[in-house]
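Undergrad: just need the structure, nothing else, for what follows:
(chains A and B)
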Amino acid sequence: NAGVTQTPKFRVLKTGQSMTLLCAQDMNHEYMYWYRQDPGMGLRLIHYSVGEGTTAKGEVPDGYNVSRLKKQNFLLGLESAAPSQTSVYFCASSFVTIEQFFGPGTRLTVL
Amino acid sequence: GQQLNQSPQSMFIQEGEDVSMNCTSSSIFNTWLWYKQEPGEGPVLLIALYKAGELTSNGRLTAQFGITRKDSFLNISASIPSDVGIYFCAGPPIGGGANNLFFGTGTRLTVIP
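TA: From the prediction side, this is the model:
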């Protein structure tokens, strides 16, 4: 059981570039989430999904899009990266309960 | 967004000492979760609390769901070097979406051998 995995682990982008972060889970969880973590702050929810084919906005959704085409995968997209999106991004998943399991994170720098 | 205030922000303790930290909110929570995050890793769930007054242990860790439902406490007994990390409280406030977690800003724990 790999749990929750994220690719890539690190990425550097220039302002205006686009990229997609991939999250995969092998626990057959219904719910998946994307968070960002900035220095000195807790995690903030970007978008989440309550099942295959569904997505919803979290606390800080602007500048991001997501897709959940398969139950085990949740993609986070940045269409036009900005320096304010420099952060560490965490994916998480859960059954239909609140106990979320997190991946190892992706460290993104936007120059 | 919701504000979850954790205190203290950081702690430096000697190995073997007990640790107490807390988390407070202006909103009522139905569930409190405590996570630990080590450098370069994602948060790991330590304890989940589901009703006011509940006291739950996980090894040397004990957490309590405050009676007012606006706070929670985490204690670590007989600290060891591997307890080093950042401890976060989290929870879904009432009316905020059943699975939408809000996180505190964390308590950074350093254990001196």
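Undergrad: tell me the SS of the residue nearest to the spatial centre of chain A?
TA: In chain A, the C-alpha nearest the mean C-alpha coordinate belongs to A:Trp34, at 3.1 Å (CA atoms, centre = their mean). A:Trp34 carries the three-state label strand when classified by DSSP: H, G, I helix; E, B strand; the rest coil.
Undergrad: near chain A, which residues of chain B?
TA: Proximity of chain B to chain A is assessed by CB under 8 Å from any CB of the partner chain, with B:1, B:4, B:31, B:33, B:35, B:40-45, B:48, B:88, B:90-92, B:98-106 identified as the residues in range. Quick note: C-beta positions are derived from backbone N, CA and C, even for glycine.
Undergrad: number of nearby residues for residue 47?
TA: You didn't pick a chain, so chain A it is. Each residue near A:His47 was counted by other CB atoms under 10 Å in any protein chain shown, and the total is 23.
Undergrad: look at chain B instead
TA: Based on other CB under 10 Å, the number of other residues close to B:Ile47 is 21.
Undergrad: list the buried ones in stretch A:18-28?
TA: For stretch A:18-28, the buried set under the neighbour-count rule, 16 or more other CB atoms under 10 Å in any protein chain shown, comprises A:19, A:21, A:23-25.
Undergrad: who does the helix or strand of chain B with the lowest mean pLDDT pair with, and is each partner parallel or antiparallel?
TA: Sorted by mean pLDDT, DSSP states H and E, the helices and strands of chain B end with strand B:102-103, the least confident at a mean of 90. In the sheet containing strand B:102-103, its partner strands are strand B:85-91 (antiparallel), by DSSP bridges.
Undergrad: give me the contact list for the partner strand.
TA: A:42-43, A:98, B:4, B:6, B:21, B:23, B:25, B:29-39, B:43, B:46, B:72, B:74, B:101-104, B:106-109 (CB atoms under 8 Å, 6 or more residues apart in numbering or on different chains).
Undergrad: starting at the chain centroid, how far to it?
TA: A distance of 4 Å separates the centroid of the chain from that of strand B:85-91, by CA atoms, centre = their mean, to the nearest Å.
Undergrad: likewise stretch A:34-49?
TA: Stretch A:34-49 has its C-alpha centroid displaced from the chain centroid by 8 Å (CA atoms, centre = their mean).
Undergrad: for that stretch, what is the average pLDDT?
TA: Stretch A:34-49 shows an average pLDDT of 91 in the prediction.
Undergrad: which parts of that stretch are buried?
TA: Judged by neighbour count using 16+ other CB under 10 Å, the buried positions of stretch A:34-49 are A:34-37, A:42-49.
Undergrad: what does stretch A:81-89 give?
TA: The neighbour-count criterion (16+ other CB under 10 Å) identifies A:81, A:85-89 as the buried residues of stretch A:81-89.
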